[in-house]
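Asker: Okay, structure incoming, though there's no sequence with it:
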């Protein structure tokens with residue numbers, strides 16, 4: 001079903017339908033601090049974030065790590081998505097109370113619930129110097145997991161997204177209990193490119209692989225923390241974070257091409273050549289793909305065509321890509337540019 005909805009959704013993106021979810025002006029204050037003044041980040045949390053800002057040294061009351069990020073277009077800005085890992089035991093899961101509207105005849109729920117707060121403190125970076133707070137964001141979190149099979153030692157990954165203009169940034173991220181007695185902090189630097197500076201040149205947003213993609217039909221209006229997935233406009237995307245595949249999987253690449261020219265009818269003419277190598281050896285070369293829009297979601301079968309010689313007879317056999325470490329290479333060419341311009345990208349993956 002994913003492949004049926006993607007062309008429709010991509011068309012919407014090209015028209016700039018992605019709205020910016022949540023700014024500092026429309027965030028609600030943290031519950032522990034809403035008595036008198038409208039505060040986005042409580043003083044205790046802001047002090048903890050400021051204390052480690054210069055050295056980028058996090059506070060480990062609630063340990064977590066920001067291990068990666070990606071970004072995608074959002075009208076004239078970009079939607080930055082941060083990925084963090086947190087151990088279940090550090091989030092304070094407790095038995096969830098029964099629902100007040102639960103059916104008395106239904107079996108009792110046995111979920112565990114963690115309730116905590118996340119704060120984002122964005123700073124612009126200019127010539128290496130970190131500026132004052134540019135934007136504060138408050139994200140209340142209620143996370144539930146089934147009690148059956150719950151593993152306190154398991155480290156889950158979470159995502160959170162926000163829309164910003166092109167530029168260089170440092171974000172301080174804090175996770176805290178409601179009573180602010182435990183506050184964990186981490187810092188992450190990232191850059192969002194300015195497509196206006198791409199003159200006769202191409203670039204892309206980060207290339208990543210997709211496990212699943214669903215159209216939820218509406219845009220997320222305020223930033224939320226998501227476990228094992230992320231939101232982008234009307235899409236809910238499950239990326240292949242570990243870049244691990246098994247025989248029969250599709251190598252589904254997702255990225256946006258920046259700097260491509262458009263014809264009078266608003267269409268692009270972009271060629272992408274995909275090739276898989278194992279070290280220096282070619283493994284799969286796909287037929288060139290053509291796109292008339294810059295946002296790409298393309299499934300590539302992990303199938304090899306090999307020649308097998310038996311005596312004087314040579315047969316071509318299609319088989320699954322063998323286990324091992326591989327690299328997907330992309331050569332992207334704008335056919336409307338005069339002369340045509342290209343860029344190359346690559347991303348590693350592993351077949352188990």
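Answerer: Alright, I've got the coordinates. From a predicted model like this one, the values you see are computed outputs, not experimental measurements.
Asker: rest of the way, CA atoms for contacts and neighbours
Answerer: Fine.
Asker: Next up, the contacts around residue 88.
Answerer: 151, 152, 153, 154, 155, 156 (C-alpha atoms under 8 Å, 6 or more residues apart in numbering).
Asker: 7 Å - rerun?
Answerer: Residue 88 makes contacts with 152, 153, 154, 155, 156, as judged by C-alpha atoms under 7 Å, 6 or more residues apart in numbering.
Asker: need the residues you listed in TSV with distance to residue 211 and neighbour count, can you?
Answerer: TSV is the format used below for the contacts of residue 88 (distance: C-alpha to C-alpha, whole Å; neighbours: other C-alpha atoms under 10 Å):
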residue	distance to residue 211	neighbour count
152	25	13
153	25	11
154	21	12
155	19	15
156	17	12
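Asker: from the residues you listed, which is closest to residue 318?
Answerer: Checking the contacts of residue 88 against residue 318 with C-alpha to C-alpha, the nearest one is residue 156 at 37.2 Å.
Asker: Could you list which of the contacts of residue 88 belong to strands?
Answerer: 155, 156 (DSSP state E).
Asker: Now tabulate the contacts of residue 88 in CSV and tack on distance to residue 51.
Answerer: Formatted as CSV, those follow (distance: C-alpha to C-alpha, whole Å):
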residue, distance to residue 51
152, 30
153, 29
154, 29
155, 27
156, 27
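Asker: you'd agree residue 47 is in a strand?
Answerer: No - the assignment for residue 47 (DSSP: H, G, I helix; E, B strand; the rest coil) gives helix, which keeps it out of a strand.
Asker: what's around it, how many residues?
Answerer: Neighbourhood size, residue 47 [other C-alpha atoms under 10 Å]: 12.
Asker: what ranges of the stretch 51-200 of the chain fall below the confidence cut-off?
Answerer: 99-109 (pLDDT under 70).
Asker: mind running it again at 80?
Answerer: 98-109 (pLDDT under 80).
Asker: ranges for the strands of it?
Answerer: Taking DSSP state E, counting those that start in this stretch as the criterion, the stretch 51-200 of the chain contains strands spanning 65-74, 77-87, 94-95, 111-126, 129-146, 155-164, 167-176, 183-192.
Asker: Quickly run through the sheet partners of the fourth one, with directions.
Answerer: So the one you mean is strand 111-126. Here strand 111-126 is paired, per DSSP bridges, with strand 94-95 (antiparallel), strand 129-146 (antiparallel), strand 167-176 (antiparallel).
Asker: Show me which residues of the last one are buried.
Answerer: So the one you mean is strand 167-176. Within strand 167-176, the residues scored as buried using 16 or more other C-alpha atoms under 10 Å are 168, 169, 170, 171, 172, 173, 174, 175, 176.
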